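For reference, the sequence and a predicted model appear below.
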Amino acid sequence: MTQIDFHGELERLHAASFGWALWCCNHRREEAEEVLQAAYLKVLEGTACFKGNSSLRTWLFGVIRRTAWEQNRRRWLRLQVLGRWFTSQPAPIPSRDPEAAASGSEETSALRAALADLPARQGQVLHLVFYQDLTIQEASQVLRISLGTARTHFERGKARLRNILAPQRGNDDVR
């Protein structure tokens with residue numbers, strides 16, 4: 001893949017990459033923007049090298065996931081070192097943007113809450129498959145787990161979502 005093709009593919013995948021970064025950062029927009037920027041830097045500086053063992057999309061999502069994990073770990077260490085002083089700082093006021101307004105519906109809120117109640121791996125697999133349109137196999141590559149494990153998390157996550165959402169929607173709507 002030429003350098004021009006590579007940059008074009010990165011641009012094409014930007015929206016999906018940002019969605020995955022949001023998921024990896026528990027829907028904290030500013031953190032997701034930082035993670036995505038750091039991931040792009042890794043890619044463009046050559047710290048993360050695409051070897052062609054998977055699709056560019058799954059490889060990029062893996063880089064984003066790893067970058068989010070690294071930033072979470074650094075934040076945790078900072079919290080441990082700085083203790084209460086750091087946590088007592090006021091949180092920035094979130095800006096109201098069209099994306100936030102669109103995702104503010106009750107149904108979306110209920111689904112997000114239900115996804116947050118799932119074990120992390122189940123939530124990650126479901127997000128990659130349903131929101132990022134990856135196959136279960138591609139999701140397994142992003143998460144670096146076996147295909148069978150990804151399928152198990154996918155099925156268990158769907159079943160758990162059904163159980164969580166069934167009382168809210170009524171039993172007629174759940175299949």
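Yep, that arrived.

quick one: secondary structure of the residue nearest in space to the middle of the chain?
Nearest residue to the geometric centre of the chain (C-alpha atoms, centre = their mean): W23, 2.8 Å. Assigned with DSSP: H, G, I helix; E, B strand; the rest coil, W23 falls in the helix class.

Now it: closest residue in space, sequence neighbours ignored.
Of all residues not flanking W23 in the chain, H127 sits nearest, at 4.7 Å (C-beta to C-beta, 6 or more residues apart in numbering). For every residue, glycine as well, the C-beta is placed using N, CA and C.

My understanding was that the one you found contacts L22; is that so?
No - using C-beta atoms under 8 Å, H127 is not in contact with L22, being 9.4 Å away.

can you tell me which helix in the protein is longest?
helix 56-82 (DSSP state H).

OK, contacts around the residue nearest to W23?
Shown in contact with H127 (C-beta atoms under 8 Å, 6 or more residues apart in numbering): W20, W23, L115.

Confirm for me that the second one is in contact with L134.
No - under the contact definition of C-beta under 8 Å, W23 does not touch L134, with a separation of 11.9 Å.

just to revisit the earlier point, turn the contacts of H127 into a markdown table, columns for pLDDT.
Below are these laid out as a markdown table (pLDDT from 0 to 100):
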| residue | pLDDT |
| --- | --- |
| W20 | 92 |
| W23 | 90 |
| L115 | 82 |
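
Kindly indicate which of those lies nearest A39.
W20 (9.7 Å; C-beta to C-beta).
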